[in-house]
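Asks: Build me a model from this:
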Amino acid sequence: MLRIRRELVDEIVAHARRDHPDEACGVIAGPEGTDRPERHIPMLNAARSPTFYEFDSGDLLKLYREMDANGEVPVVIYHSHTATEAYPSRTDVSYASEPEAHYVLVSTRDTDTEEFRSYRIVDGVITEEPVEIVDGTVDGAE
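Replies: Residues are numbered from 1 along each chain as shown. Okay, the predicted model is just below:
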């Protein structure tokens, strides 16, 4: 199960709406050894595409070095789908290289509502998981 603060969900959705009609992508880092998403890092979709996302390799290297220096890991890796449901595509599955991460998808195909769903993707197997959105803190952390 993904437990995530409402403010982080709001930031992800706002990023997806801002980048629409292109797909948005980013990471929420958290302390190593926990499953606690804490720091939102919106990334640039280097593909600048409404049907595909790609992290810029230089930005991604910089991010991983920064997380390593801070004792963080990518707890959530997210992107948006602009015209389809929030379900991983074959390409999304092929890019899923962090077996401990929650893969969040947001669909912005409807201008009034959005789908916000989370998955574990391990060895090509997609497993949807419940999302608990909490106000305030997660596991006692600010």
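Asks: residue ranges with poor pLDDT in this structure?
Replies: Scanning the chain for pLDDT under 70 picks out the ranges 138-142.
Asks: Return the distance of stretch 106-122 from the chain's centre.
Replies: With CA atoms, centre = their mean, to the nearest Å as the basis, stretch 106-122 stands 10 Å off its chain's centre.
Asks: Tell me which stretches of the chain form helices.
Replies: For the chain, applying DSSP state H gives helices covering 6-19, 57-70, 90-95.
Asks: Mean neighbour count, these: which tops it?
Replies: Compared across those, helix 6-19 shows the largest average neighbour count, a mean of 17 (mean count of other CB atoms under 10 Å). (Each C-beta comes from the backbone N, C-alpha and C, glycine too.)
Asks: who's in contact with the most centrally placed residue in the chain?
Replies: Centroid check for the chain by CA atoms, centre = their mean gives residue 78 as the closest residue, at 1.8 Å. Applying CB atoms under 8 Å, 6 or more residues apart in numbering, we find residue 78 in contact with 12, 24, 25, 26, 27, 28, 103, 104, 105, 106.
Asks: Show me what the fourth one is bridged to.
Replies: Translated: residue 26. As for beta bridges, residue 26 partners with residue 42, residue 78 under DSSP bridges.
Asks: okay, now it: neighbour count?
Replies: Neighbour count for residue 26, taken as other CB atoms under 10 Å: 25.
Asks: wait, it sits on residue 14?
Replies: No. With contact defined as CB atoms under 8 Å, residue 26 does not count as touching residue 14 (11.1 Å).
Asks: Pipe the contacts of residue 78 into CSV and attach distance to residue 63 per row.
Replies: Putting the contacts of residue 78 into CSV (distance: CB to CB, whole Å) gives the following:
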residue, distance to residue 63
12, 16
24, 15
25, 11
26, 10
27, 7
28, 12
103, 16
104, 17
105, 20
106, 20
